[in-house]
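Asks: Got a sequence here, can you build the structure:
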Amino acid sequence: MLGIGLVVVAAALVPAVTANVGGTDTVRGEVTASGQPISFIPVGFWSPQQGVVSTATTDSNGRFTLDVPSNVDGYAYAGTRPDSWDAVVDVGSEQYVRGVIGAKPDTPVSTPLYEGWASATGRSLGGGKDLHFLLERPGRISGRSPLHGSALTAVQLRRLDGSVVQTLHPDASGSFVSEPVAPGSYAVAVVPASTYLPEAVPVTIRAGATAAVTLPQPQRGGTIRGVLIANGRPVTQPQPVILEQDGQQVATTTSTATGVYTFGAVSSGTYQVTIGQYPDDTAARSVTAEPIPLPGRTSSATPTPTPAVTPSPTASVPGTGTVALAPITRTSTAYIPTTENAYMPSSLGTVEADAALQSAGRITGVVAGAADGIPVQVVAEDTATRQILRSTTASASGAYTIGGLDPGTEYRVYAVSRPADLTAATYAKGSGVATQTGTRVDLVLTAPALTLSGRISGATGGSVVVGDATTLQRAASADSTGGYTVAGLVPAAYPITVSSPGRLASTPVALEITATETQDLAPGPRPATYKAWFIASGAGVPHVVGSAASSAGGGLTLPAGTSGHVTSEGLRPGSYTYETASFLGLAPAHDGPWWFAPPTGGFTLREGATTDVGPVVLHTKAK
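Replies: Residues are numbered from 1 along each chain as shown. Below you'll find the predicted structure:
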């Protein structure tokens with residue numbers, strides 16, 4: 001713990017603790033700051049298990065008396081209660097950082113934290129002597145941001161784990177002053193807009209003082225740019241471009257009509273530039289969680305989040321074939337996606353990463369046989385994987401073009417009508433090898449579309465979804481006996497998801513449908529419940545947020561809990577691992593430099609059961 005002052009030691013004129021009738025001990029003491037008594041500040045005795053059990057207020061000389069139950073272990077405090085988010089308390093026109101005393105005398109100061117210190121009964125507090133709280137006044141920081149206005153995103157006071165304590169608000173000239181915070185070690189981060197790189201400097205805030213911080217002029221970041229070329233000419237059709245590092249999406253852009261893409265504000269390191277693939281909208285990084293290296297530190301204390309892996313549906317029901325459907329990635333219809341590596345040196349500058357694109361294959365044609373006004377959907381299926389990869393809607397004249405295919409690869413092409421009543425749908429089938437110039441495959445809607453029917457085992461309702469929303473999807477409700485019929489299908493392999501009352505949606509399973517089929521389906525699992533108590537030194541942590549990832553994909557998000565007690569319902573059974581980065585900012589005070597180290601390891605949830613993992617012990621860190 002941080003040493004931030006001196007202890008005032010004085011001999012008590014009366015016994016520090018006396019026994020009272022009714023099983024209580026009387027605890028006496030005083031509260032001072034800078035050698036002066038603090039009048040009318042709250043004091044109390046707090047138990048990790050029972051909370052506040054006794055309170056009082058100091059008199060005009062800073063003295064207090066507390067009657068504490070003899071059989072309760074805990075801590076004496078002055079100011080805010082030990083598990084409060086607020087470490088700073090207002091007393092009249094003054095402010096003080098709370099103090100906590102446990103089994104040992106407070107040396108060299110009354111620590112603001114109970115974590116890591118032994119609790120005691122009233123008779124044993126402070127070694128059984130008169131309690132002397134020596135409190136500190138909070139401090140502040142002040143400074144001037146070299147960037148302001150539209151060039152600045154934020155100035156942040158951060159803990160050394162990277163979590164944000166305060167977001168500061170510079171004035172028109174860039175000057176700022178923080179709100180009061182507990183003394184300790186912090187960092188001040190400048191988060192620029194546009195082309196500059198973020199900067200951070202360490203700062204030590206001392207009691208009752210304002211620390212002046214000098215922020216460096218942020219350095220302009222490097223630039224990764226390139227020209228997209230196809231057939232010897234710049235690509236004029238805008239293409240999606242993704243910048244990644246260590247498997248994480250850093251930034252996205254779209255190439256211009258002259259084939260140029262640009263990423264600015266790039267720090268040194270190795271990157272991957274993927275062209276022709278659309279970004280994952282859920283993978284954007286949070287600015288407040290972005291690690292900013294401090295001078296002299298080789299790496300950030302903030303771990304990089306690991307993206308959740310979407311599971312592939314696997315065959316778990318009988319069918320005419322065994323298939324495994326990979327998640328479909330949205331890509332350009334004009335070009336085959338490609339990835340280029342780019343290394344940004346420490347000198348920064350501009351790095352060129354041009355890319356030669358290969359035109360994607362296409363299949364074109366005309367669909368006949370549809371009634372007037374009925375839309376027609378056309379899909380392309382990979383003959384090797386039996387997976388529908390592409391989908392489009394034919395024009396009013398029946399013309400269609402499916403792009404984004406691998407040249408030289410054979411595809412089956414299906415057209416299916418989409419009437420209001422899917423049982424009346426018709427389909428047509430053709431095949432062709434995709435070419436860059438386009439292979440012609442005309443289709444005539446003549447065959448009745450396929451149907452999948454059956455029963456959801458043990459269900460009294462629900463629904464069945466067949467297919468993928470990005471390609472071809474059909475759905476139907478189940479009746480009171482669990483019976484269902486999904487119509488309007490074409491021969492292909494589909495992911496199938498089942499929903500039924502009282503159960504979670506099933507994990508998608510794959511089924512290859514080549515004719516009208518009858519197939520009974522299993523419902524999803526009964527939901528599981530997670531319970532835990534996040535504690536430090538036996539006391540509940542005041543506020544818990546974070547997440548855990550499931551080995552089967554997905555996961556759970558821990559809601560804010562009362563005194564560390566967390567219950568999360570409606571979860572999928574399976575094995576989970578705590579995601580350490582998601583606990584960033586978990587701290588016993590939002591105006592102090594301390595934070596809790598995140599939990600490690602994991603747990604297993606059972607179907608239809610409540611799993612109480614018991615106490616999850618967290619430890620406070622200050623540096």
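Asks: contacts, neighbours, all on C-alpha from now
Replies: OK.
Asks: Check the gap between residue 90 and residue 549 for me.
Replies: From residue 90 across to residue 549, the span is 41 Å (Cα to Cα, to the nearest Å).
Asks: who's more crowded, the two?
Replies: residue 549 (21 against 12; other Cα atoms under 10 Å).
Asks: isn't that one right up against residue 579?
Replies: Yes - counting by Cα atoms under 8 Å, residue 579 is a contact partner of residue 549 at 6.6 Å.
Asks: Quick one: low-confidence residue ranges for the stretch 201-350 of the chain.
Replies: Residues of the stretch 201-350 of the chain that meet the criterion pLDDT under 70 lie in 281-291, 295-324.
Asks: which residue ranges form the strands in it?
Replies: All strands of the stretch 201-350 of the chain, identified by DSSP state E, counting those that start in this stretch, fall at 210-214, 222-230, 233-234, 240-245, 248-254, 260-266, 269-275, 338-344, 350-352.
Asks: Rounded mean pLDDT for stretch 456-463, please.
Replies: Across stretch 456-463, the average pLDDT comes to 95.
Asks: Excluding chain neighbours, what is closest to residue 443?
Replies: Spatial nearest neighbour of residue 443, chain neighbours left out: residue 367 (4.7 Å); criterion: Cα to Cα, 6 or more residues apart in numbering.
Asks: quick one: the one you found and residue 592, what's the gap?
Replies: 68 Å.
Asks: What of residue 435?
Replies: 64 Å.
Asks: Could you give the number of residues near the residue lying closest to residue 353 once chain neighbours are set aside?
Replies: Distances taken as Cα to Cα, 6+ apart put residue 226 closest to residue 353, at 4.7 Å, once the chain neighbours are dropped. Residues lying near residue 226 (other Cα under 10 Å) number 19.
Asks: and what of the one 5 residues further on?
Replies: Neighbours of residue 231 under the rule other Cα under 10 Å: 10.
Asks: got the contact list for it?
Replies: Contacts for residue 231 (Cα atoms under 8 Å, 6 or more residues apart in numbering) come out as residue 358.
Asks: cool, and the one 4 residues further on?
Replies: Contacts here follow Cα under 8 Å, 6+ apart; on that basis residue 235 touches 228-229, 257-259.
Asks: which element follows the least confident helix or strand in the chain by mean pLDDT toward the C-terminus?
Replies: Taking mean pLDDT, DSSP states H and E as the measure, the chain has strand 17-20 as its least confident helix or strand, at a mean of 50. Following strand 17-20 in sequence order, the next helix or strand is strand 24-33 (DSSP states H and E).
Asks: Now the element after that next one, going C-ward?
Replies: Taking DSSP H and E, what comes next after strand 24-33 is strand 36-37.
Asks: Give the next helix or strand downstream of that next one.
Replies: strand 42-47.
Asks: Paired strands for that next one, with orientation please.
Replies: Sheet pairing of strand 42-47 (DSSP bridges) gives strand 51-57 (antiparallel), strand 75-78 (antiparallel).
Asks: CSV for those strands, including distance to residue 412?
Replies: Formatted as CSV, the strands paired with strand 42-47 follow (distance: least, Cα to Cα, whole Å):
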stretch, distance to residue 412
strand 51-57, 69
strand 75-78, 74
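Asks: For residue 415, find the nearest of the ones you listed.
Replies: Across the strands paired with strand 42-47, residue 415 has its closest neighbour in strand 51-57 (68.0 Å, Cα to Cα).
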